[in-house]
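[1] Provided below are the primary sequence and the corresponding predicted coordinates.
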Amino acid sequence: MILENLKNFEWLNEPENVIFADKEMKIVSKKQTDFWQSKHHNFSRDNGHLFFFRFENDFSVVIHWKSENTANFNQCGLMVRLDDKNWFKTSLMYQNVENPEIGSCVTMRGHSDWAGVVFDVVPKEVWYKLVRKSDDFIAYYSLDGKRYIRLRQFYMDTIGAQLKVGAYICSPQNQNFEAILQDIDFIK
């Protein structure tokens, strides 16, 4: 990651601990942070950390994270956000330490869903890719940075709106979570 390329990025809920190292950025999320809106679970939180770039047009982005994600519900992944009631996120998440899942969540009008695929391996790094064409989005993931697997295709009403697109991290439980952002690459 070239630091010069990050000068136009902004934070939503900036974390207290960000360390720039050789071609990477180590981020420590605060405890009890999350992006989630659920009437079913009677739980709503919008205080996770998002490192983003603003977009109005079509785009393709790849985000590469490394982590030793062993605590329940810790997440680091990719997010596209219209506002606090309308967004998409995808990340590796642990509900069970031995079997993490790659999950995705579309939140529309303040209601979050969740879809996950359980892994039989514990990956140390994941690449996330998101492609936008008009109001249609396709999300992918990769465990090697070469072979991308389609995770989800979804719609968001975003025409004419400015979107926040980037890397997010959060730790919904009672501990901080550390992960390393290896790269954010917007492909024109």
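    Alright, I've got the coordinates.

[2] low-confidence ranges in this structure?
    Scanning the chain with the threshold set as pLDDT under 70 gives 1-5, 39-41, 69-70, 188.

[3] rerun that using 90 as the cut-off
    For the chain, the stretches with pLDDT under 90 are 1-8, 20-23, 38-44, 67-73, 93-100, 114, 119-124, 158-160, 173-176, 187-188.

[4] now the helices for it?
    Here the chain has no helices by DSSP state H.

[5] ok, longest strand in the protein?
    strand 177-187 (DSSP state E).

[6] neighbouring contacts of that strand?
    By CB atoms under 8 Å, 6 or more residues apart in numbering, the list of residues contacting strand 177-187 from outside reads 1, 5-6, 9, 23-29, 31, 51, 53, 59-67, 69, 71, 74, 76, 125, 165-167, 169-171. In this view, the C-beta of every residue, glycine as well, is placed from N, C-alpha and C.

[7] buried subset of the residues you listed?
    Buried members of the contacts of strand 177-187, counted by 16 or more other CB atoms under 10 Å: 1, 25, 27-29, 51, 53, 59, 61-67, 69, 71, 74, 76, 125, 165-167, 169-171.

[8] so what's residue 108 bridging to?
    Counting by DSSP bridges, residue 108 is bridged to residue 111.

[9] from what I see, it and residue 135 are in contact.
    No. With contact defined as CB atoms under 8 Å, residue 108 does not reach residue 135; the gap is 11.9 Å.

[10] what sits in contact with each of these two?
    Common neighbours of residue 108 and residue 135 (CB under 8 Å, 6+ apart) are residue 156.

[11] more neighbours, those two?
    Using other CB atoms under 10 Å as the criterion, residue 108 and residue 135 rank with residue 108 on top: 17 against 12.
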